[in-house]
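In: Sequence and predicted structure below; questions after.
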Amino acid sequence: MTFLVPLPVVIPLLGAAITLLLTRRPRAQRTVSLTALSATLLVSLALLMLSTQDGALAVAVGGWGPLGIVLVADQLAALMLVVSSAVTLCVLVYSIGQGLVDGAEDTPLSVYHPTYLILTAGVTNAFLSGDLFNLYVGFEILLVASYVLLTLGSTENRIRAGTTYVVVSLLSSLIFLTALGLVYAATGTLNMAQLVDRLDALPDNLRLVLQGMLLLAFGIKAAVFPLSSWLPDSYPTAPAPVTAVFAGLLTKVGVYAIIRTETLLFPGGRVADLLLVVALLTMVVGILGAVAQSDIKRLLSFTLISHIGYLLLGIGLSTTAGLSASIFYTAHHIVVQTTLFLVAGLIELRGGATALDRLGGLARLSPLLGVLFLVPALNLAGIPPFSGFLGKVGLFQAAAGVGGWLAWALVAGGAVTSLLTLYAIARVWNLAFWRTPNPAMPGVPPAEGSALECVPAVSVSVQGAMVPVSAGDERVFESSAPSSDSDSDSDSEDGPTLLPAMMVAPTIALVALGVALTVLAGPLFGIAESSAKDLIGRDAYVQTVADLPEVGQ
Amino acid sequence: MLVLLVIHAAVALIAPALVRAIGGRGLYLVALAPAGAAVWAAAHIGRTATETVEWIPQLGLSLAFRLDTLSWLLVLLVGGVGALVLAYCAHYVGDRGEQARHAGLLVAFAGTMLGLVLADDLLLLYVFWELTSVLSYLLIASDPGRRVARRAAMQALLVTTLGGLAMLVGIVMLGAGTGTHRWSELAQSPPAGTWGTVAVVLILAGALAKSAILPFGAWLPAAMAAPTPVSAYLHAAAMVKAGVFLVALLAPAFAGVLAWQLLTVGAGLATLIFAGLAALRQHDLKLLLAYGTVSQLGLLVAVLGAGTRAAALAGLTLVLAHALFKSALFLTVGAVDHATGTRDLRKLSGLGRRLPMLAVAATLAAASMAGAPPLLGFLGKEALFAAFATGEPADTAALIAMVLGATLTVGYSLRFLWGAFGTKPGVVPVEHPHAPGPGLLAAPVLLSAAGLAGGLAARPIESALEPYPLMLDGVGVHLALWHGLSLPLGLTVLALAGGYGVFRLTRDRVKSEKISAGAWVYEQALRGVDRLAVELTGATQRGSLPGYLGVILIVLVVIAGTVLAVGAPWPTEFRVWDTPLQAVAGVAIIAAAIGAVRAQRRLAAFVLAGAAGYAVSMLFILHGAPDLALTQALVETAGIVMAVLVLRRLPAKFSERPLRASRRWRIVLGVSVGLAAAGMAFVTSGGRTATPVSERFADLSVSYGGGSNIVNVILVDIRAWDTMGEISVLVVAATGVASLIFQRTSALRRRAETPAPKRALAAWTGKEDSVIMQVVTRLIFHTIVLFSIYLLLSGHNAPGGGFAGGLVAALALTVRYLAGGRRELNRAAPVDAGVVLGTGLLIAVGTGVGAMLLGGQVLQTAIVDIHVPLLGDLHVATSTIFDVGVYLIVVGLILDILRSLGAEPQPSVTEETSETQEQDREKVTA
């Protein structure tokens, strides 16, 4: 069944090629994209099943054995594939619903479909790669695709945000590439399974140089403090589904790379304490950033950073319990963070903004939206019984198992982070969902708006100054988006009709997926635990690659 | 037991729809769920039961439930009071939407409470524990338009969760210390020593926060923003009992720990006194009850925390009594509020005569609260005094505090009755109260009656509760209305008499509007967090791209510098160069790079960067890699051409340069990074011991890859997977150009209705198009394209390949475009860029899939020998097909760039462009 292994990369790329050929035939493009991503999801599920039953699967591309590029689908990779392809599929449906996918009529080529599919291929390639340079290629694919998606519509804000993002990403790629050069210089290979022995043979401090550089490169991508400042300045400006998929997936690819390289290439935890300190700082500084925000999207960007700290905690502990909790938490966090950004998009559509001072009363205007926000938000805040809580408990238990003041400091930091996350999202709920609706919001009956508590003068004046500019900029790009429909419906009080089904349905699906992670937490933790054991054992991975036929056989 | 929870969950899900459909009556149906739980408990009197379903064995978390005396009592209360409150709600809230919401949330809450008291697994208990916090948050702000309500909800949520998280850490510690979270197992061998003490103190923090014990007490009075039935259930009978329950649960194992005694008995008694005093100053009847509740909870925690057999029986009896009388009193306040529209005792007068039934019920409940015979509260209080009348100093001190507390309790009980029903001189009596119907009266009457019945049924109650005290050491007591003339009776009389005195003394005192200490601490803490957050974020999130890059580079220098300094294995041998020409190339690279950074003009900077690239290609040649050199040179050329196309839109010079100081600091950082990189490269390349994989590439390229150009074989065969990835990057670059330049400019053009662009070269040079140039380019065009195809096809064995070939073809197109603009370009390549790119990607990826379909590995190469007439035998590797894909993608990318750039509205003079853009933007925004 090893023929399945390259498919999660190949299928989206074929899809991208076909959608390019189908430029200006949007309906056919949609069919192709949806089919490609559904097929990717199915293949990923099959890979997860197979790797759980029979151990990792590997393929040597072109039959070159370990001399060329190998692709390895072990349980960790397969789990990440399943979660990421489920998420990308949902986000695709959402972006179709939002009308994001249709470009201008006379474009020389269509933008959204091929770019999005290639982004997916980059992500899956990064998960499957058994070769450090190919991992870099995976990063390049997803990064370049993300540059395009981030600046969709080319509004000024997006270009400015895109500049920060692109330049920082280029620097991180440069560092990664330098690190690859160093690794090859020192060992003569970039095949990860081969690197295991060759790195072990190097002097300790030489290995430390390589480890440090790779960690730095991945740390930027994973948005680890103090390398994280670029993220809140760039992600929130993109269209909601784009931010959603970035927030959910891209940073996690960095985390995945850290997990993979730290366990396989640099075991022994020489930088474990450093990782733990960084984890603590990331958590606390990140969540304080969230507390300071008054815009939902920006706030969510900071919670994203903060919870990367949780993931690092498990990695830094470098025990089976810690790693398996981190792996579980990664799956959880991909889903929940993506969901919340999609919900933020719905809020923007329904309430006309994501700034807290312009929102209010959403719980009553659209109870469905309330549920869709509250469930993943509580999940993010680690409220039981949701998966966020389970992951957090796993991490705390792992830290308790290791002991020592640093581990306990992280437990305390984790608890504080959890509380502050709850504070941040409860504030969103209080203001955006509970407070009396702002009369300027679409769909608020005028009588209600005028009769209720007044909006602070500041926000009114801000609206007056800002609305024409930003709305105008948006229109350049989103003129075909259904958001403009909301104006015509603004007299009706019936909330849900304002939200297109194609946007709500995938959001519901993701909320349900988050709940499913809770219900299926037992088997999932089983997978996470056996992945963690394989990661720490290292032999399974090395053996799988070693068992590949030699060149030409 | 799991079935009970599932039923509650299901009812909670359908309740809102049900109530919306059939109105308030639906609440009676909904109430059947908690009523069922109470009936189930009644049927299980005196029995124990367990039930376990595995959930997450890795975390040691299972759905383990266990029924014993303690949980039995609480199931009875939660179910019974829950059913009555739901029925009461059917008549209390008018708005159907709100009723529907309450129905769902209250049933969910009842189910959660059941789970909490039945859970044997402490982690599972925590799951329900936090859920009650969230449900209480949602229930408190039932009128969320009010700022006070929202803030109170948030305060309750944050304070209880703060305690909850401490508790979670405590539970994790217990689990880590003993390997289990099951209380039934933990209780057998509780962890001792510091570890156990810290764990239990953390858990207690959760319990105290939940039960509003000092120093966490402030959230409960604030939570009175909730509708009265919600308060009656959550904040009197059920949720706040969770802390008391936990104390009672843990007491048998931990009562011997000193810290435990200090926290439970100490904090509990302090709360009893302080909250009792506060209750005497309230004028809002509901707040009076709220402070009374806090005070009573303090007492319960103290009694159950003491952990003696006698105290345990007294404690459980008081838990039962308190749930009955306090919810009855809250519901009474609800009825009063409903009848008169106020809860302010300064405005109520003469209500006792108007609503006699309610007054009687309230009097019974208040008497039970005051501990007057023959009510259940009296039984509990007598047993309590007896339990602590041991003569030991600590017990005596506690006893004194309890009598004092009882005195205050009598005082505010009287204040409540007087306030609600008394006739006050100088206050206009309520003449025509909106008399509560039987629906509103039923619940308080039934609950008060239960308190009376309980008082008369001392023996059955004692036997039902007995198993719990038997788990503890010490002498037991018995519940009875008449113990003879004993010390406890004397103390009760003292408390009753003293309480009357207190009531008379404080009757007319009203609390000043000063904020309480607990609320002040909460406010300050929250404000402090907010300020810290803003300041810290302001410091770390400066919004400056150079700043962010600086941080990253500093980290790089620190990492590399530290390791290199602490002892990286420096090679002993140092070879300067293989050939001096390398030094020339190196100097050229450095000079060009410095020049590029120092350049004032954009074009110069680009050209110098290109020069550095050419110098790199020279290094490639010196290493014997002409193919790489060719590709690099072509890339640099294409890059400069594209840059020129872009630069004509921008001002010729860079904008203001940074200040001298920051420039100096950037130079230092740049040099450090360079040194660090060089140092690392030096160290790592000196450390190699293994043979590089590329050693075998030379043979295998020919024998397995079927080509003698090793670079090309690497690109299209050995590492074709990488190449496939990189060409998809090119595709994306093309979409990016289309998105960034074409879509934006065409959107602007549509709006601004600017004329179609002039021909590119003409616009660029400002002259009319040159016929000679067009003719010349047409003449050489086909030759160049043919050459590019040659490069493509011969690339497997000689320098060239798809990438280089594609670039050459693309340059040919570029020349046509420069000479004749879009028209010439369209004539030269009458296809969509998208089609070219799509075809290329399809061919490249298709080669990989094709190999799989033919039974090989993905992207595996087959070598085919074909006999072609005239040409003879051809030796072809299928990887050439892959290379065709690469070729097409490169051509497609350049085509796309040229088309997109050609779509600009006014690609000529800078000022003009920016002016039109300004105008465009204005039109757009207008």
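Out: The structure has been received and is ready for your questions.
In: Any regions of the stretch 51-200 of chain B where pLDDT drops low?
Out: By pLDDT under 70, the weakly predicted segments of the stretch 51-200 of chain B are B:93-94.
In: Pick out the residue of it closest to chain A.
Out: residue B:144 (3.3 Å; C-beta to the nearest C-beta). Where you see a C-beta, it was placed from the backbone N, CA and C, and this is true even at glycine.
In: wait, is that residue part of a strand?
Out: No: applying DSSP: H, G, I helix; E, B strand; the rest coil, one finds residue B:144 to be coil, outside a strand.
In: Show the pLDDT at residue 313.
Out: Chain wasn't specified; assuming chain A. Per-residue pLDDT puts residue A:313 at 95.
In: sorry, should have said chain B
Out: 93.
In: Give me the most central residue, chain A.
Out: Note on chain A: the residue nearest the mean C-alpha position is residue A:248, at 1.7 Å, using C-alpha atoms, centre = their mean.
In: Surely that residue and residue A:87 touch.
Out: Yes: with contacts counted by C-beta atoms under 8 Å, residue A:248 reaches residue A:87, the gap being 5.3 Å.
In: Spit out the residues that contact those two alike.
Out: Both residue A:248 and residue A:87 are contacted by A:334-335, A:338, under the criterion C-beta atoms under 8 Å, 6 or more residues apart in numbering or on different chains.
In: about what we covered before: excluding sequence neighbours, find me the nearest residue to the residue nearest to the centre of chain A.
Out: Of all residues not flanking residue A:248 in the chain, residue A:338 sits nearest, at 3.2 Å (C-beta to C-beta, 6 or more residues apart in numbering or on different chains).
In: show me where pLDDT drops low in chain B?
Out: Ranges of chain B meeting pLDDT under 70: B:93-94, B:511-515, B:656-659, B:742-770, B:870-875, B:902-926.
In: In terms of residue numbering, what are the domains of it?
Out: B:1-120, B:121-521, B:574-656, B:705-926 (automatic domain parsing).
In: a markdown table for those domains, including mean neighbour count?
Out: Output for the domains of chain B, formatted as a markdown table (neighbours: other C-beta atoms under 10 Å in any protein chain shown):
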| stretch | mean neighbour count |
| --- | --- |
| domain B:1-120 | 21 |
| domain B:121-521 | 22 |
| domain B:574-656 | 16 |
| domain B:705-926 | 20 |
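In: Which strand or helix spans residue B:383?
Out: helix B:376-388 (DSSP states H and E).
In: Next up, the contacts around the closest residue to residue B:722 other than its chain neighbours.
Out: Among residues not flanking residue B:722 along the chain, residue A:137 sits closest, at 4.9 Å (C-beta to C-beta, 6+ apart). By C-beta under 8 Å, 6+ apart, residue A:137 lies in contact with A:125, A:129, B:721-722, B:725-726, B:729.
In: Can you flag which of those residues belong to helices?
Out: Residues from the contacts of residue A:137 lying in helices, with DSSP state H as the criterion: A:125, B:721-722, B:725-726, B:729.
In: got a markdown table for these, with distance to residue A:351 too?
Out: Output for these, formatted as a markdown table (distance: C-beta to C-beta, whole Å):
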| residue | distance to residue A:351 |
| --- | --- |
| A:125 | 38 |
| B:721 | 46 |
| B:722 | 46 |
| B:725 | 41 |
| B:726 | 43 |
| B:729 | 38 |
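In: now, among the residues you listed, which is nearest to residue B:474?
Out: residue A:125 (69.4 Å; C-beta to C-beta).
In: measure the closest one to chain B for me?
Out: 6 Å (C-beta to the nearest C-beta, to the nearest Å).
In: So what's the residue count around that residue?
Out: 30 (other C-beta atoms under 10 Å in any protein chain shown).
In: Please name the residues that touch residue 28.
Out: Here I'm looking at chain A. residue A:22.
In: I was after chain B.
Out: B:86-87, B:90.
In: can you do 6 Å?
Out: Residue B:28 makes contact with residue B:87 under the criterion C-beta atoms under 6 Å, 6 or more residues apart in numbering or on different chains.
In: Please, which helix or strand holds it?
Out: helix B:26-43.
In: okay, that helix in PDB with CA atoms only?
Out: Extracted in PDB, the C-alpha atoms of helix B:26-43 (Å, rounded to 0.1, in the frame of the first residue of the first chain):
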ATOM      1  CA  GLY B  26     -42.800  22.800  29.100                       C
ATOM      2  CA  LEU B  27     -40.800  23.600  32.200                       C
ATOM      3  CA  TYR B  28     -42.800  21.000  34.100                       C
ATOM      4  CA  LEU B  29     -41.800  18.400  31.600                       C
ATOM      5  CA  VAL B  30     -38.200  19.500  31.800                       C
ATOM      6  CA  ALA B  31     -38.300  19.400  35.600                       C
ATOM      7  CA  LEU B  32     -39.000  15.600  35.300                       C
ATOM      8  CA  ALA B  33     -35.300  15.100  34.600                       C
ATOM      9  CA  PRO B  34     -34.000  16.300  38.000                       C
ATOM     10  CA  ALA B  35     -37.100  15.000  39.700                       C
ATOM     11  CA  GLY B  36     -36.100  11.600  38.300                       C
ATOM     12  CA  ALA B  37     -32.700  11.900  39.800                       C
ATOM     13  CA  ALA B  38     -34.200  12.700  43.200                       C
ATOM     14  CA  VAL B  39     -36.500   9.700  42.900                       C
ATOM     15  CA  TRP B  40     -33.600   7.500  41.900                       C
ATOM     16  CA  ALA B  41     -31.700   8.700  44.900                       C
ATOM     17  CA  ALA B  42     -34.600   8.100  47.200                       C
ATOM     18  CA  ALA B  43     -34.800   4.500  45.800                       C
END
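In: after that helix comes which helix or strand?
Out: Criterion used, DSSP H and E; the element after helix B:26-43 is strand B:49-56.
In: Remind me what that following strand packs against, helices and strands.
Out: helix A:521-537, strand B:61-67 (3 or more C-beta pairs under 6 Å, 6 or more residues apart in numbering or on different chains; DSSP states H and E).
In: Tabulate the contacts of residue A:137 (TSV), appending distance to residue B:498.
Out: As requested, the contacts of residue A:137 are exported to TSV (distance: C-beta to C-beta, whole Å):
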residue	distance to residue B:498
A:125	80
A:129	80
B:721	88
B:722	88
B:725	85
B:726	88
B:729	85
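In: Quick check on the shared contacts of residue A:248 and residue A:87: which are buried?
Out: With burial judged by 16 or more other C-beta atoms under 10 Å in any protein chain shown, the buried subset of these is A:334-335, A:338.
In: my guess is residue B:510 contacts residue B:284, does it?
Out: No: look at residue B:510 against residue B:284 with C-beta atoms under 6 Å: they stay out of range, at 10.0 Å.
In: Which strand or helix spans the residue nearest to residue B:722?
Out: Short version, using DSSP H and E: residue A:137 is in helix A:132-150.
In: Check the average confidence over that helix, would you?
Out: For helix A:132-150, mean pLDDT is 94.
In: next one: that helix to chain centre, how far?
Out: Counting by C-alpha atoms, centre = their mean, to the nearest Å, helix A:132-150 is centred 14 Å from the centre of its parent chain.
In: ditto for stretch A:36-47
Out: The answer for stretch A:36-47 is 18 Å, by C-alpha atoms, centre = their mean.
In: which parts of it are buried?
Out: For stretch A:36-47, by 16+ other C-beta under 10 Å, it's A:36-37, A:39-41, A:43-44, A:46-47.
In: Tell me the one of the buried ones among the shared contacts of residue A:248 and residue A:87 nearest residue A:530?
Out: Closest approach between these and residue A:530, by C-beta to C-beta: residue A:334, at 19.7 Å.
In: Run a quick neighbour tally on residue A:178.
Out: 19.
In: Which strand or helix spans residue A:71?
Out: Per DSSP H and E: strand A:70-73 holds residue A:71.
In: so, in contact with chain B or not, that strand?
Out: No: for strand A:70-73 and chain B, the contact criterion (C-beta under 6 Å from any C-beta of the partner chain) is not met; the two come no nearer than 7.7 Å.
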